[in-house]
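> Got a predicted structure plus its sequence, pasted below:
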Amino acid sequence: MQNTLKASVTFDGVGLHSGKPVRMKLFPAPAGHGIVFRRTDIALGDTLVPANWSLVERSPLCTRLVNDAKVSVSTVEHIMAALAGCGVHNALIELDGPEVPIMDGSSAHFVRGIMKHGVARQSQPIVAYRVKKEVTVTNDEGARATLKPSDRLKIEFHIDFAEAAIGRQTRSLDMRNGAFARELCDCRTFCRRADVDAMQAAGLALGGIPGENAVVFDGHVVQSGEGLRHSDEPVRHKMLDALGDLALAGGPLFGHYIGERAGHSLTNTLLRALFGTPGAVERVLCDPIMISRLPGQGLVWGEIPQQRRVA
Ligand SMILES: [Zn+2]
């Protein structure tokens, strides 16, 4: 059966790109509602923005949703990953600004906030999407993203950076049994020093504070405040982003995702190819065996990484 939140929860933070304060409130929603954002700072027109792949606007740095009335919500990937990883299918997310708060650059605050009260089971079966045919997309920079048929969600990622402190990293994870919360949810956004300087010169990432909400790599040097949370934190964060971007399918996905130096834009191109290829995906109602393989199933509070104190 579908799940929603047991209670509403509020997150206060800043937007990574705007640098402005933003309050985000998550509310329980009825079965069949899905995940929908609502901009409370806009008075007129359609302020509802459903979390769906078809509303994603081309944006290299984050995932931005835009509705027909041109109302947008940016940087949705980390909250989408948290909701998918906790098995929440229905929620209304109110925002008083254009961007989801960045918090510490990971999904850990969101996972802890959602699981503090837990999820409530609803009365309708879970609608999921099962990959039937392999679909691959590539871009001009040689990145590649693939979805293959699988009886569960598996996320595999490969990255290769010139920065010595990142280098080549590879990881693959079966997302069952709370694996997201245990292995990925505390992994933070990262970037290269040169990218930070270029973004801030272009008026982006104004809320970015190295070591506080992003890990910055400069050759051998890691600016992190508390050190790395995992030795391969960057590739794990890419997997977190992939879960959040795949959650825009509109329901849990049963498939094996492989990202090779992929990003938000390419994962969205992959979903567009999946839903645009006849016979590549089917909509299914989850039976008990499928439910037992969903990312949020079996998640235990004691396994969620707790807030760290930074000296
Ligand atoms: Zn991210």
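Arrived safely, thanks for sending. Numbering: from 1, shown residues only.
> How about the backbone phi and psi for the residue most central in space within the chain?
Nearest to the geometric centre of the chain sits G244, at 2.3 Å (Cα atoms, centre = their mean). Reported as degrees, to the nearest 10, the phi and psi values for G244 are phi -60, psi -40.
> Could you double-check that it lies in contact with C62?
No. With contact defined as Cβ atoms under 8 Å, G244 does not count as touching C62 (10.2 Å). For the C-beta atoms, the positions are set from N, CA and C on the backbone; glycine is no exception.
> list the residues that contact both of those two?
76-77 (Cβ atoms under 8 Å, 6 or more residues apart in numbering).
> R58 touches S265, doesn't it?
Yes. Contact criterion Cβ under 8 Å: R58 and S265 qualify, at 6.1 Å.
> These two - which one has more neighbours?
S265 (20 against 9; other Cβ atoms under 10 Å).
> what does the helix or strand hosting that one contact?
Assigned by DSSP states H and E, S265 falls within helix 264-276. Contact with helix 264-276 is made by 53-54, 56, 58-63, 77, 131, 135-139, 143-147, 241-242, 245-246, 248-249, 257, 259, 262, 280-281, as judged by Cβ under 8 Å, 6+ apart.
> in the helix or strand just after it, what's buried?
Downstream of helix 264-276, the next assigned helix or strand under DSSP H and E is strand 281-285. Of the residues in strand 281-285, 281, 284 count as buried by neighbour count, 16 or more other Cβ atoms under 10 Å.
> Check stretch 51-60 too.
Those would be 51-53, 55-56, 59, for stretch 51-60 by 16+ other Cβ under 10 Å.
> Now, of the contacts of helix 264-276, which are buried?
If we count by 16+ other Cβ under 10 Å, the contacts of helix 264-276 have these buried: 53, 56, 59, 61-63, 77, 131, 135, 137, 143-147, 241-242, 245-246, 248-249, 257, 259, 262, 280-281.
> per-residue confidence averaged over stretch 281-288?
Stretch 281-288 shows a mean pLDDT of 95 in the predicted model.
> hey, where'd the helices end up in the protein?
Assigned by DSSP state H, the chain shows helices spanning 77-86, 108-117, 179, 193-201, 233-246, 264-276, 288-291.
> Within range of the ion, give me the residues from this structure.
Contact residues, the chain versus the ion (Cβ under 5 Å from the ion): 189, 241.
> In the chain, which residue sits nearest the ion?
Nearest residue of the chain to the ion, counting by Cβ to the ion: D241, 4.1 Å away.
> dump the residue contacts of the residue nearest to that residue when sequence neighbours are not counted.
Excluding the flanking residues, the one nearest D241 by Cβ to Cβ, 6 or more residues apart in numbering is E77, at 5.1 Å. Contacts for E77 (Cβ under 8 Å, 6+ apart) come out as 62-63, 240-241, 244-245, 264.
> Among these, which pair sits farthest apart?
Across the contacts of E77, no pair lies farther apart than C62 and L240, at 13.0 Å, counting by Cβ to Cβ.
> R171 pairs with what?
In this structure, R171 bridges to F157 when assessed by DSSP bridges.
> What is the burial count for it?
17.
> Model confidence score at it, please.
97.
> What segments of the stretch 51-200 of the chain are strands?
Using DSSP state E, counting those that start in this stretch, the strands of the stretch 51-200 of the chain run over 56-57, 64-66, 72-73, 91-95, 119-121, 127-131, 135-138, 144-148, 154-160, 168-174, 190-192.
> wait, what's in contact with the nearest residue to L246 once chain neighbours are set aside?
Counting by Cβ to Cβ, 6+ apart, L253 is the residue found nearest to L246 once chain neighbours are left out, at 5.3 Å. Contact analysis of L253 by Cβ under 8 Å, 6+ apart lists 128-131, 147, 153, 246-247.
> what do you get if the cut-off is 7 Å, keeping everything else the same?
129, 153, 246 (Cβ atoms under 7 Å, 6 or more residues apart in numbering).
> okay if I get these as CSV plus pLDDT?
Below are the contacts of L253 laid out as CSV (pLDDT from 0 to 100):
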residue, pLDDT
Y129, 97
L153, 96
L246, 97
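> Could I get those residues in TSV, plus columns for distance to P21?
Converted to TSV, the contacts of L253 look like this (distance: Cβ to Cβ, whole Å):
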residue	distance to P21
Y129	36
L153	34
L246	30
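> I'd guessed A81 sits against M239; true?
No. A81 is beyond contact range of M239, at 9.0 Å (criterion: Cβ atoms under 7 Å).
> Any idea how many residues pack against the residue lying closest to G45 once chain neighbours are set aside?
Computed as Cβ to Cβ, 6+ apart, the closest residue to G45 that is not its neighbour in sequence is A69, at 4.4 Å. Neighbours of A69 under the rule other Cβ under 10 Å: 13.
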